[in-house]
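> what follows is a predicted protein model with its sequence.
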Amino acid sequence: MNILLVDDDYYVIAALEQRIDWRALGIGTVYTANNVAQASEILLKHPVQIVISDIEMPQGSGLELLAWIRENNFRIQTILLTNYADFNYAQKAIELQSFEYFLKPIEFDKLMLIIRKAVSRAQEQENNEKAIREGHFWQKNLANNVEHFWRKLAGGSASAPVRGPAVARAMQEHHLAYSLSDRVQPLLFTLFPHNGSMGKEEKDLFDFALLNVLYELFRGQGSFAVESIFEHKEYQWIAVLKWGSEADLPLIEELCSSFIRNSGPYLKCEVTCNIGECGELAESGLLLRQLLRLDSEWTRVRNQTYRAAEELRPNLQSGEYTPPDLAALEALLQENRLSDFLGESVRYLRGMLSGRMLQTSVLGQFRLDIVQLIYSFLKDKGIQAHKLYSGTLNDQLLLHSLGSIEDMEEYLGYLVHTAMKYRDFAAQPTSVAEEIKRYIHAHYGDDLTRNLLAERVYLNPDYLARLFKRETGISLGSYIIQVRIAAAKQLLETTPHSVYTIAGKVGYVNYSHFSKLFKQEVGMSPNEYKKERLAGSVR
């Protein structure tokens with residue numbers, strides 16, 4: 001496998017040559033060129049499978065080189081580098097079937113992953129062409145058939161296990177040389193990417209890196225073969241092992257522990273490993289169903305390994321929920337001791353753990369109790385909790401809160417810290433009144449209802465109205481009228497707009513109502529005010 005580096009900057013070429021472990025990536029020869037002409041000459045003389053090229057070069061761009069490669073039907077994976085996040089560049093790169101579009105400055109860890117993907121793509125392309133030449137094109141689809149077979153079994157067993165006859169039919173449909181007596185074992189990995197990590201922002205690259213780690217870790221480690229590794233649902237992967245002898249559970253546990261240790265530094269994520277039971281292929285639906293039940297019905301601690309057979313069965317009857325001392329927790333809230341409330345909630349949560357797992361339904365009841373306490377606390381302070389806790393962040397944290405004990409702790413922290421922050425804001429009537437006044441001045445032309453203004457500060461409308469009048473000495477409705485009339489006076493003095501137009505600009509659709517309010521506030525009609533100001537300016 002050979003690669004060509006193209007860049008007019010000598011230092012970029014040197015950095016790429018020296019800082020990337022080409023041998024580890026399976027690259028034999030690294031060619032270099034400083035412009036498109038040199039690159040074209042090398043491609044005509046030498047077999048090259050991958051090109052990394054800068055886009056902005058004085059003697060022809062990387063896009064022009066890519067166009068030349070496509071015109072000459074070279075089967076080359078091309079990675080383009082650029083200093084500019086220009087949509088036109090990206091669009092052209094996509095049209096020319098660029099393998100990847102990468103922004104400088106170069107992040108070498110990510111670039112190595114991209115090159116590794118390109119190497120895999122080039123190898124797959126070569127293997128496909130060889131298979132076609134040899135008349136064995138069906139081999140190309142073997143891995144896809146195996147993966148589709150296991151995906152179908154896992155998906156079908158999520159609600160009820162796929163039985164032996166259905167497994168046999170699926171084997172025939174996918175032309176797989178399995179036997180129903182083959183010994184198989186499913187593993188389930190649940191991943192928790194760190195915020196800001198590759199797993200959160202560049203999932204395709206993350207998935208590629210994850211598969212590399214898993215295959216390198218599990219291949220050649222014992223008397224088993226890795227049949228397939230696939231994503232069952234987002235951040236949840238199933239691996240299927242086929243044993244040639246009795247399953248070696250201590251070995252699998254050690255491999256899972258090694259995966260957990262490597263997930264932090266290499267993948268920037270945490271992980272939970274669930275080891276399913278080993279059994280015959282005919283009962284694989286039951287094995288998968290048991291493993292998926294462990295995931296859906298039980299909440300676990302991150303960075304731990306669980307055996308489904310040992311963890312699930314002893315805990316089947318432990319589904320009763322004993323609530324915490326809700327009166328004591330409520331008292332902490334009433335005393336405004338939200339930090340202590342959070343600490344007690346987390347301590348109780350950790351105490352709920354039976355072994356290292358907690359039934360998800362029980363955790364859901366605990367979550368409901370805590371949410372109700374916080375909502376009631378905020379309601380007593382006139383704060384509309386259902387408005388305060390709306391939005392993407394709340395929805396995401398709530399959705400994931402039953403996924404692990406750490407997820408629930410994160411959700412509890414978000415609930416309490418948000419309540420603390422807004423409690424402090426709402427306790428300062430000056431801050432609330434000033435926020436409302438600023439909004440009215442900025443949006444006096446909009447439909448300003450009391451409900452809308454209350455939503456801005458997450459307060460009950462009646463509570464906001466009382467607070468505003470107590471702080472400013474004027475009712476909310478009167479203040480809105482004053483601001484609108486002041487704006488109307490300025491527009492009447494400084495613009496040629498008609499009174500009818502100005503009424504609409506300051507939020508009054510009904511012209512007669514506007515004129516009536518204006519006269520009440522100013523002592524004359526809008527037309528009289530405009531004429532008087534016009535006469536004064538002429539004099």
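Nice, I can see it. A quick note: this is a predicted structure, and the numbers were derived from the prediction, not measured. Numbers count the residues shown, from 1 in each chain.

> buried set for the strand or helix carrying residue 129?
If you go by DSSP states H and E, residue 129 is part of helix 108-134. Applying a neighbour-count criterion of 16 or more other C-beta atoms under 10 Å, one finds 111, 112, 113, 114, 115, 116, 117, 118, 119, 122 buried in helix 108-134. In this view, the C-beta of every residue, glycine as well, is placed from N, C-alpha and C.

> tell me the secondary structure at residue 13.
helix (DSSP: H, G, I helix; E, B strand; the rest coil).

> ugh, typo on my part, it should be residue 496
Per three-state DSSP, residue 496 ends up coil.

> against residue 524, how distant is it?
Going from residue 496 to residue 524 by C-beta to C-beta, to the nearest Å gives 20 Å.

> which one's more surrounded, these two?
Legend: neighbour count by other C-beta atoms under 10 Å for residue 496 and residue 524, higher for residue 524 (13 against 6).

> once you drop chain neighbours, what's closest to that one?
residue 532 (7.2 Å; C-beta to C-beta, 6 or more residues apart in numbering).

> hmm, residue 523 and the one you found touching each other?
No - using C-beta atoms under 8 Å, residue 532 is not in contact with residue 523; the gap is 10.7 Å.

> avg pLDDT for the host helix or strand of residue 528?
Using DSSP H and E, residue 528 sits within helix 526-538. Average pLDDT, helix 526-538: 77.

> how about stretch 351-359?
pLDDT averaged over stretch 351-359 gives 78.

> name the residues of it that are buried.
Across stretch 351-359, burial judged by 16+ other C-beta under 10 Å covers 352, 357, 358, 359.

> ranges for the strands of the stretch 351-500 of the chain?
357-359 (DSSP state E, counting those that start in this stretch).

> can you give me the neighbour number for the closest residue to residue 459 other than its chain neighbours?
In space, and not counting its chain neighbours, residue 459 is closest to residue 382: 5.2 Å by C-beta to C-beta, 6+ apart. Residues near residue 382, counting by other C-beta under 10 Å, number 19.

> who's in contact with residue 382?
426, 459, 460, 463, 464, 467 (C-beta atoms under 8 Å, 6 or more residues apart in numbering).

> got these as a markdown table, with pLDDT columns?
Formatted as a markdown table, the contacts of residue 382 follow (pLDDT from 0 to 100):
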| residue | pLDDT |
| --- | --- |
| 426 | 68 |
| 459 | 81 |
| 460 | 82 |
| 463 | 82 |
| 464 | 83 |
| 467 | 80 |
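
> from these, pick the one nearest residue 278.
residue 426 (57.9 Å; C-beta to C-beta).

> secondary structure class of residue 306, three-state.
When classified by three-state DSSP, residue 306 comes out as strand.

> am I right that it is in contact with residue 276?
No - checked against C-beta under 8 Å, the pair residue 306 and residue 276 is beyond contact range at 10.0 Å.

> when those two are compared, which one has more neighbours?
Legend: neighbour count by other C-beta under 10 Å for residue 306 and residue 276, higher for residue 276 (28 against 25).

> how much space is there between that one and residue 526?
78 Å.

> how about residue 110?
The value you get for residue 110 to residue 526, if C-beta to C-beta is used, is 64 Å.

> average pLDDT across the helix or strand harbouring residue 520?
Taking DSSP H and E as the criterion, residue 520 maps to helix 511-522. For helix 511-522, the mean per-residue pLDDT is 91.

> same question, stretch 161-177
Here the average pLDDT along stretch 161-177 is 88.

> and for stretch 269-289?
Here the average pLDDT along stretch 269-289 is 94.

> go on, stretch 232-244?
94.

> so how far is it from its chain's centroid?
On the basis of C-alpha atoms, centre = their mean, to the nearest Å, the separation between the geometric centre of stretch 232-244 and that of its chain is 22 Å.

> how is this structure divided into domains?
2-134, 142-315, 326-419, 429-538 (automatic domain parsing).

> first-to-last residue distance for the shortest one?
Using C-alpha to C-alpha, to the nearest Å, the gap from the first to the last residue of domain 326-419 comes to 18 Å.

> residues touching residue 157, list them.
Residue 157 neighbours (C-beta under 8 Å, 6+ apart): 285, 286, 288, 289, 292.

> tell me which helix or strand comes right after the one helix or strand the fourth one maps to.
Spelled out, it's residue 289. Applying DSSP H and E as the criterion places residue 289 in helix 284-297. Of the helices and strands lying after helix 284-297 in sequence (DSSP H and E), the nearest is strand 298-300.

> which helices and strands does that next one pack with?
Counting by 3 or more C-beta pairs under 8 Å, 6 or more residues apart in numbering; DSSP states H and E, the packing neighbours recorded for strand 298-300 are strand 357-359, helix 360-380, helix 405-426.

> rewinding a little: so can I have TSV of the buried residues of stretch 351-359 showing distance to residue 187?
Shown next, in TSV, are the buried residues of stretch 351-359 (distance: C-beta to C-beta, whole Å):
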residue	distance to residue 187
352	27
357	17
358	22
359	22
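
> how many residues are close by residue 33?
Using other C-beta under 10 Å, residue 33 has 22 other residues around it.

> repeat that for residue 519.
14.

> list the residues that contact it.
Residue 519 touches residue 525, counting by C-beta under 8 Å, 6+ apart.

> from residue 481, how far out is it?
For residue 519 relative to residue 481 (C-beta to C-beta), the value is 12 Å.

> ditto for residue 162
Noted for residue 162: a distance of 70 Å to residue 481, by C-beta to C-beta.

> of those two, give the one with the bigger neighbour count.
residue 162 (22 against 19).

> mind listing what the more buried one touches?
Applying C-beta under 8 Å, 6+ apart to residue 162 gives the contacts 153, 156, 170, 284, 285, 288.

> can you do 6 Å?
Residue 162 sits next to 153, 156, 285 when contact means C-beta atoms under 6 Å, 6 or more residues apart in numbering.

> most neighbours among the residues you listed, please name it.
residue 153 (24 neighbours).

> excluding chain neighbours, give the residue nearest to that one in space.
Spatially, and ignoring its direct neighbours in sequence, residue 153 is nearest to residue 162 (5.4 Å; C-beta to C-beta, 6+ apart).

> cool, and residue 47?
Residue 47's closest residue in space is residue 2 (C-beta to C-beta, 6+ apart), at 6.0 Å.

> report the contact partners of the one you found.
Counted by C-beta under 6 Å, 6+ apart, residue 2 has contacts 28, 29, 48.

> buried ones in stretch 176-187?
Buried-residue list, stretch 176-187, by 16+ other C-beta under 10 Å: 176, 178, 182, 183, 184, 185, 186, 187.

> adding secondary structure, write these out as CSV.
Output for those, formatted as CSV (three-state DSSP):
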residue, secondary structure
176, coil
178, coil
182, coil
183, strand
184, strand
185, strand
186, strand
187, strand
